[in-house]
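Asks: Have a look at this prediction, sequence included:
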Amino acid sequence: FLTIDDFDLDGKTVLMRVDLNSPMDPEGNILDDLRLKSHIPTITELSSSKLVIVAHQSRPGKDDFTTMKPHSLKLSDFLDRRVTYIDDIFGTYARTTISNMKKGDIVLLENVRFYSEETLERSASAHSKSHMVTKLAPLLDVYLNDAFAVSHRSHLSLMGFTEVLPSGAGRLMEKEILALDKGIKGSGHPNIFVLGGAKVDDSLKVAESVLKAGNVDRVLLTGIVGMVMLAADDVDIGKVNMEFIETQGYIDQIEKAKELLKNFNGQIAYPTDVALNDNEKRIEVDVDELKEQNLPIHDIGLETIVSFSREIEKANTVVLNGPAGVSEVEEFALGTQEIIKAATKAKYSIAGGGHIAAEVRNYGYQDLFSHLSTGGGACIDYLAGEKLPGIEAIKKSASSK
Ligand code: 3PG
């Protein structure tokens, strides 16, 4: 795809899709500003353009599905320049404002998911015929996608403009791809993936894809996916944990995990001991004691923490995705915290988006990581070797020039 280097954007009207979707409290305050900050270098580079930013916050029906006003205020703070919030997407007010913009102006349009066609999963060509594209495109010179974190969706604002405008990627998009590619291909062996969290199907997909490709030496499993792998290895993890896996809809993943174990024996590791939640108290047990205890697994155990940490510290490349346990509760945060700490000692370290990147920041380790991804689902899909529609759309646009 093309990048900012391929265009002369001086004085040009640029529409840029970014991902500012952030956790917010009920009062409308933004609780984590990683995504906002991550776009600052791209926005700064476009300071001699007329920059129209489009983004979303949350999804319809959710409490934090709100306007983009708080985001515009934060961006203005970070940039020390005014980012004008427009409570419109492509109506007369938005179009008049865009037409009257001067070089150096920045506007942030309203939450693009207020417009129902945005979230239709469609091709670039279908989206290019939408009201939003036909109304806005005549006022624009160039379209940039800097929203890696939502590029796993084929939504209107990621696809539609690439058919009708010269299109390319912003700096954050470039940075994400470069860093994640380094993780996948291994910027040096041993290359270790540490996969945890709650999305068992996604984690197994990533494990399968990277092991099949042969770039990754070891996959260490924690979190719920670690539990599923124990069950797949015929460890009796206790009724309460089996029921939990069932309520999460992951029973069928046990078969998938068995197959992985069979095909990549020796390359997959899972906990040898765990921490159980006994009335909010942490109790450590070996996995072969799980049957008698029958208490919920909430973290990896000390022995596992030590052996995983040793392996991670010695890695040249390490990719973390998903917490090792219920890391939001202090009693069960140890596994996640220690794994994060170990990863800072590896030569090249990536924390996949969402929960684990937030924990890295909570512990203040962000500067010790080579890369914190802004992507959640997008990061997982990318690591699993899937093609992301938003990226494919800008590639196609470049090749048709
Ligand atoms: C995210 O938070 O992962 C992205 O902003 C995408 O949001 P979505 O899952 O609501 O599409």
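Replies: Nice, thanks for sending it over.

Asks: quick one, what contacts the closest residue to residue 17 other than its chain neighbours?
Replies: Distances taken as Cβ to Cβ, 6 or more residues apart in numbering put residue 147 closest to residue 17, at 4.6 Å, once the chain neighbours are dropped. Just so you know, the C-beta spots here come from the backbone N, C-alpha and C atoms, and that holds for glycine as well. By Cβ atoms under 8 Å, 6 or more residues apart in numbering, the contact set of residue 147 is 17, 18, 19, 55, 158, 173, 390.

Asks: ok, residue 147 to the ligand distance?
Replies: Distance from residue 147 to the ligand, counting by Cβ to the nearest ligand atom, to the nearest Å: 8 Å.

Asks: Please apply the same query to residue 363.
Replies: For residue 363 relative to the ligand (Cβ to the nearest ligand atom), the value is 21 Å.

Asks: How many residues are close by residue 341?
Replies: 17 (other Cβ atoms under 10 Å).

Asks: again with residue 108
Replies: 24.

Asks: With residue 381 instead?
Replies: Summarising burial for residue 381: neighbours were counted as other Cβ under 10 Å, giving 19.

Asks: now residue 70
Replies: Residues contacting residue 70 under the criterion other Cβ under 10 Å number 19.

Asks: contact partners of the one helix or strand it maps to?
Replies: Counting by DSSP states H and E, the element that carries residue 70 is helix 69-79. Contacts to helix 69-79, defined as Cβ under 8 Å, 6+ apart, come from residues 20, 22, 24, 28-30, 33, 36-37, 39-40, 43-44, 53, 55, 57, 82-85, 87, 106, 108.

Asks: quick one: buried residues of stretch 184-199?
Replies: 184, 186, 187, 190, 191, 192, 193, 194, 195, 196, 197, 199 (16 or more other Cβ atoms under 10 Å).

Asks: Show me the shaky parts of the stretch 301-401 of the chain.
Replies: For the stretch 301-401 of the chain, applying pLDDT under 70 flags the ranges 401.

Asks: What of the chain?
Replies: In the chain, residues with pLDDT under 70: 401.

Asks: Which residue ranges make up the domains of it?
Replies: With domains defined by automatic domain parsing, the chain comprises 4-175+389-399, 188-346.

Asks: quick one on the thing from earlier: mind listing the strands whichever helix or strand comes after the helix holding residue 70 pairs with, and their directions?
Replies: Using DSSP H and E, the helix or strand that follows helix 69-79 in sequence is strand 84-85. Using DSSP bridges, strand 84-85 pairs in its sheet with strand 106-108 (parallel).

Asks: hmm, stretch 172-183 touching the ligand?
Replies: No. Stretch 172-183 lies apart from the ligand when judged by Cβ under 6 Å from any ligand atom; the minimum separation is 12.7 Å.

Asks: quick thing: my sequence starts at 18, can you match it?
Replies: Sure, I'll start numbering at 18, so the last one becomes stretch 189-200.

Asks: May I see the buried residues of that stretch?
Replies: Buried residues in stretch 189-200, counted by 16+ other Cβ under 10 Å: 189, 190, 191, 192, 193, 194, 196, 197, 199, 200.

Asks: In helices, which of those appear?
Replies: 189, 190, 191, 192, 193, 194, 196, 197, 199, 200 (DSSP state H).

Asks: Sort out for me which of the buried residues of stretch 201-216 are in helices.
Replies: residue 201.

Asks: Return the residues of this structure in contact with the ligand.
Replies: So far as Cβ under 6 Å from any ligand atom goes, the chain lies against the ligand at 36, 38, 76, 166, 167, 170, 393, 394.

Asks: rerun that using 5 Å as the cut-off
Replies: 36, 38, 76, 166, 167, 393, 394 (Cβ under 5 Å from any ligand atom).

Asks: which of those residues are buried?
Replies: 36, 38, 166, 167, 393, 394.

Asks: Let me have those in CSV, extended by distance to residue 297 and secondary structure.
Replies: Formatted as CSV, those follow (distance: Cβ to Cβ, whole Å; DSSP: H, G, I helix; E, B strand; the rest coil):
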residue, distance to residue 297, secondary structure
36, 36, coil
38, 32, coil
166, 34, helix
167, 36, helix
393, 28, coil
394, 31, helix
